[in-house]
Structure formats: C-alpha cells, structure tokens
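Student: need a 3D model of the sequence below.
(one chain, ligands or ions: 1)
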Amino acid sequence: MIKRIRSWWKRKDDPNKVKITSDNIPQHIAIIMDGNGRWAKRRGLPRVVGHQNGMKAVKRATIAADELGIKYLTLYAFSTENWKRPKDEVDFLMRLPQEFLKIELDELIAKNVQIRMMGDKNGLPKHTLEAMEEAVKRTSYNDGLVLNFALNYGGRNEITDCMSMIGREIEAGTLRSEDINSQWIEDHLLSAGLPDPDLLIRTSGEMRVSNFMLWQLAYSELWFTDIYWPEFNKNHLHDAVAEYQRRTRRYGGLS
Ligand code: FPP
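Tutor: Numbering: from 1, shown residues only. Take a look at the predicted model:
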C-alpha cells in the first residue's frame, strides 16, 4: 500500500512531465509517420508488422490530439513514391485504411471526429477508396477533430495539378492571370479548407520533408524525434506541442 502511494506521488511530481498551456495549442498538426520498417527489423519481424503497429499508433495519436484540443491532424499514410515498394508491402498498406476503419470508425464517430482524405484517388485500389469514401461520408456532419489521411499524396503532383488547372481555366477564359494569388492557389490545393499545419512532426530520426505538403509547410514549425512511429504515444505528442509552445513564430518578421 505504502509503495503504491509513493509511486503515485512520484508520478504527480514527475519532473519530466511536460507543461502545455491551453492558450497556444497548434490548430493543425501534420505527421510524417516514419520508421515502421526499422521498428520491425529491430525486432526480427517482417516490415508489415511494423505497419500493423503503426496503425495502432495512428489511434493513439488521434486520441491524444483530440484530448489536447487540436482541430486538424493530417497523417502521411502513403506517398505517390511509395508505389516503388514491393507489391506485397503496397498491398498490405492499401488494406490498412479499411482495417483501421473497420475497427475504429464507430469510436471515431462517437468522438465526433471528421475523416478527410487528400491524395490522388484515381491511383487507389477500389477497396481502399470505397472504405475511405464511406468513412468521409459517415463522418461528414461531425465537427470535432478533422483526421485527414494523406493517401497516394505527393506535394509536387498537387502543385503541378493546380498549375495545370490554372492553364485550363485561362485557356477557357474563366480565369485572368491577375486573379491568381496565394488564396486562389490555397483554394485549389488538395488541402483546400484546412489551415496550414502549425507543426510538422517526423519520427524515426530522418530530417526531411519527403514531398509532403510543400506549399502548406512554408511557415510550419518542425519537430523531429528519433523514436519509430509504432512507438509514438501521447507523451511524444505532448513533447512536440510543448516544444512548439516554446518557439516564437515570426513569419519572416520580427518578434
Ligand atoms: C513509413 O515507414 C511509413 C509508411 C510508408 C506507411 C505509414 C502507414 C502507417 C503508419 C499506417 C497507416 C494507417 C492507416 C490507418 C492508414 P517506413 O516503412 O518507410 O519505415 P522505414 O523507413 O523504417 O523502412
């Protein structure tokens, strides 16, 4: 009994407990969920087991983000470059969204989460797209956390598509070059309707952006951690938000 009380005190006064203030919570967090393969390899397991456990970390991150009052969470689940991986791994990754939704959708609905998807829908297998679209439809009236999956997403493709839309509209006479500005571009990107990420998190120790939200990350704060994505939990999210709150955002100006 005494032992139990002592450990409670220790936890309560934990000097490592991070301090987060409620008045400066990032509105939008984007995450590059990296390191699934290495997490599995380190344990002598097939890469797909890493992805399977990565799916569990998706749930932990979503709940933790919701509890913190974050409004938008964008997760890089599959890039336009990930098709270069072995077919078995791609097939596995393409089945994960429906597996995740089969297990979690009811709880996400109960938590008022709105699911969105951004990426090239044309390249996705029918079963993946149908599962995602059903989840988007069933959560479309929710107004809690927006959980945005970047699936078959590439930042350069997104910008190229936007430029080609501009070309087509100018040719058709529906757009004048003087009407093109940042707002027009934002409204025609796949992330239309979402604010730019305030904070980008990347796991696994890699420090690059990897074709993710190239336009939208212009002024995001970046936070990198060595832990592999399947290990990611609430404490890591809190560490990232606490660090975000210590930063001064100047947007090119002076503080
Ligand atoms: C990068 O790690 C991770 C991916 C390409 C896939 C990310 C997918 C998930 C975390 C699961 C998604 C879940 C849902 C619900 C859609 P890597 O495999 O490149 O790791 P490595 O660099 O260690 O090889």
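Student: what does the stretch 151-255 of the chain have sitting close to the ligand?
Tutor: 204, 229 (C-beta under 6 Å from any ligand atom). Yep, even glycine has a C-beta here, placed from its N, CA and C like the rest.
Student: tell me what residue 200 is bridged to.
Tutor: residue 30, residue 222 (DSSP bridges).
Student: list the contacts of it.
Tutor: Shown in contact with residue 200 (C-beta atoms under 8 Å, 6 or more residues apart in numbering): 29, 30, 31, 32, 209, 212, 213, 217, 220, 221, 222, 223.
Student: and the first one, how far from the ligand?
Tutor: What that stands for is residue 29. 15 Å (C-beta to the nearest ligand atom, to the nearest Å).
Student: quick one: neighbours of that residue, just the number.
Tutor: Close neighbours of residue 29, defined as other C-beta atoms under 10 Å, add up to 27.
Student: show me the helices in this protein, by range?
Tutor: Taking DSSP state H to define them, one finds helices in the chain at 2-12, 36-42, 47-68, 87-110, 126-138, 155-172, 182-187, 234-246.
Student: closest one to residue 19 among these?
Tutor: Distance to residue 19, taken as C-beta to C-beta, is lowest for helix 234-246 among the helices of the chain, at 6.3 Å.
Student: that closest one to helix 47-68, inter-axis angle?
Tutor: Angle of helix 234-246 versus helix 47-68, following axes from the mean of the first three to the mean of the last three C-alpha atoms, to 10 degrees, is 60 degrees.
Student: give the contact list for the residue nearest in space to the middle of the chain.
Tutor: Centroid check for the chain by C-alpha atoms, centre = their mean gives residue 75 as the closest residue, at 2.0 Å. Counting by C-beta under 8 Å, 6+ apart, residue 75 touches 30, 31, 33, 58, 61, 147, 148, 149, 150.
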